[in-house]
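K.L.:
sharing a sequence plus its predicted fold:
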Amino acid sequence: MSYADLLSDAEARMRKAVDVLRGELRSMRTGRAHPGLIEGIRVDYYGTPTPLSQMATISAPEHDQLVVKPFDATAMGEIEKAILKSDIGISPSNDGKIIRLKVPPLSEERRKQLVSRAKEVAEESRVSVRNVRRDANKHGDQLQKDGDISEDESRTLKEKIQELTKKSEGMVDDELKSKTSELMEI
């Protein structure tokens, strides 16, 4: 692995850690309805667990309501079962053509629990970013040891890896701050 490959690999892996965080935070329920809340729910569709987003159109016509319109009306019962089994805590209402989900407002205690969970997820992302930094630094040391790069290049590489780490951790902090304020607004 070359100097440039090492840097681009580290950047891609750090970006992936931040993307995973965004996905986790998007699926956390706030007081507002948004399709990301349920689009990842897996529905047993002819024996295959399929994401709800691939089986139906999901929209939020009002701030406290989600509407699920299945592409295949025969899957309505399975979609309803999957929503009930998920841990979002919302009961579906089925009128035969669409499924409506009324998103209740969150209690103060539940908001605090979600903020706590968001902080845990953010810390897991920070740990992932730091693990990428550790691995990249280890590879950089190996490149220097093998004679592929000089000591100065090794030092520069470590500085660039540290810059990537700080940038990624900053992105994690921004995502957490945004989600925390979203969860705590009434």
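P.N.:
Arrived safely. Numbering: from 1, shown residues only.
K.L.:
please count neighbours and contacts with C-alpha atoms only from this point.
P.N.:
Noted.
K.L.:
what number of residues lie near residue 139?
P.N.:
For residue 139, the count of nearby residues is 17 (other CA atoms under 10 Å).
K.L.:
what of the one 3 residues further on?
P.N.:
Per other CA under 10 Å, the neighbour tally for residue 142 reads 14.
K.L.:
what about the residue sitting nearest the centre point of the chain, distance to residue 158?
P.N.:
The residue lying closest to the centre of the chain (CA atoms, centre = their mean) is residue 23, at 1.6 Å. From residue 23 across to residue 158, the span is 29 Å (CA to CA, to the nearest Å).
K.L.:
what's the biggest helix in this structure, counting residues?
P.N.:
helix 108-145 (DSSP state H).
K.L.:
so how far is residue 96 from residue 19?
P.N.:
From residue 19 to residue 96 the distance is 36 Å (CA to CA).
K.L.:
so for the two, which sits in the more crowded spot?
P.N.:
Legend: neighbour count by other CA under 10 Å for residue 19 and residue 96, higher for residue 19 (15 against 11).
K.L.:
the helix or strand in which that one is found - what's its average pLDDT?
P.N.:
Residue 19 is part of helix 3-26 when elements are defined by DSSP states H and E. Taken as a whole, helix 3-26 has an average pLDDT of 91.
K.L.:
ok, stretch 91-110 next?
P.N.:
For stretch 91-110, the mean confidence score works out to 85.
K.L.:
can you tell me the element the most far-flung residue of the chain relative to its centre falls in?
P.N.:
Going by CA atoms, centre = their mean, the residue of the chain most distant from its centre is residue 147, 39.8 Å out. Residue 147 belongs to no helix or strand when assigned by DSSP H and E.
K.L.:
next: the one 5 residues further on.
P.N.:
Assigned by DSSP H and E, residue 152 belongs to helix 151-184.
K.L.:
sweet, I'm off.
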